[in-house]
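Novice: structure for this input, please:
(one chain, ligands or ions: 2)
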Amino acid sequence: MKKLTIDERLSKNRFETDDHNPHIVIDKDACKTCSHRACTYCCPAERYKWDTANDKLSFDHVGCLECGNCRLICERLNQGVPGYSWNYPIQGMGVIFREG
Ligand code: SF4
Ligand code: SF4
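Specialist: Ligands and ions are numbered 1, 2, ... in the order given. A predicted model of the protein is given here:
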């Protein structure tokens with residue numbers, strides 16, 4: 001059986017995206033001062049990636065599985081410091097699981 005990539009697996013789910021009201025907000029410039037960048041290791045959907053070419057975090061809330069790992073592991077998301085927030089999507093938005 002062919003092993004699917006994360007993006008291929010995510011494409012089997014459905015996402016109702018709320019582009020005007022993303023449920024996770026981060027400050028990519030402020031993230032440059034983060035000493036651990038643990039979000040890039042904890043996300044099962046690989047939403048957080050460090051862009052080495054631009055020395056900047058890349059993040060896309062579309063595809064988020066709403067597991068909460070990043071909220072637990074990132075102290076800024078966890079404490080809701082300015083520029084960072086984590087909430088579930090509003091009713092009817094977010095992931096609709098079909099795979100994984
Ligand atoms: S763990 Fe939090 S502060 Fe650190 S890079 Fe990730 S989102 Fe930014
Ligand atoms: S809630 Fe889970 S799936 Fe969504 S961005 Fe955070 S770690 Fe990734």
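Novice: switch to C-alpha atoms for all contacts and neighbour counts from now on
Specialist: OK.
Novice: residues in contact with the residue nearest the centre of the chain?
Specialist: Nearest to the centroid of the C-alpha atoms of the chain, with distances taken as C-alpha atoms, centre = their mean, sits R47, at 4.3 Å. By C-alpha atoms under 8 Å, 6 or more residues apart in numbering, the contact set of R47 is T40, S58, F59, D60, H61, G63, C64.
Novice: which one of the residues you listed sits closest to ligand 2?
Specialist: C64 (3.7 Å; C-alpha to the nearest ligand atom).
Novice: so C42 makes contact with N69?
Specialist: Yes: the pair formed by C42 and N69 meets the contact definition of C-alpha atoms under 8 Å, at 6.3 Å.
Novice: burial count for the residue nearest to E66 when sequence neighbours are not counted?
Specialist: Excluding its sequence neighbours, the residue lying closest to E66 (C-alpha to C-alpha, 6 or more residues apart in numbering) is Y88, at 7.0 Å. Using other C-alpha atoms under 10 Å, Y88 has 13 neighbouring residues.
Novice: before we move on, what about G63?
Specialist: Should you count by other C-alpha under 10 Å, G63 turns out to have 19 residues around it.
Novice: likewise the one 10 residues further on?
Specialist: The burial count assigned to I73 is 16, neighbours taken as other C-alpha under 10 Å.
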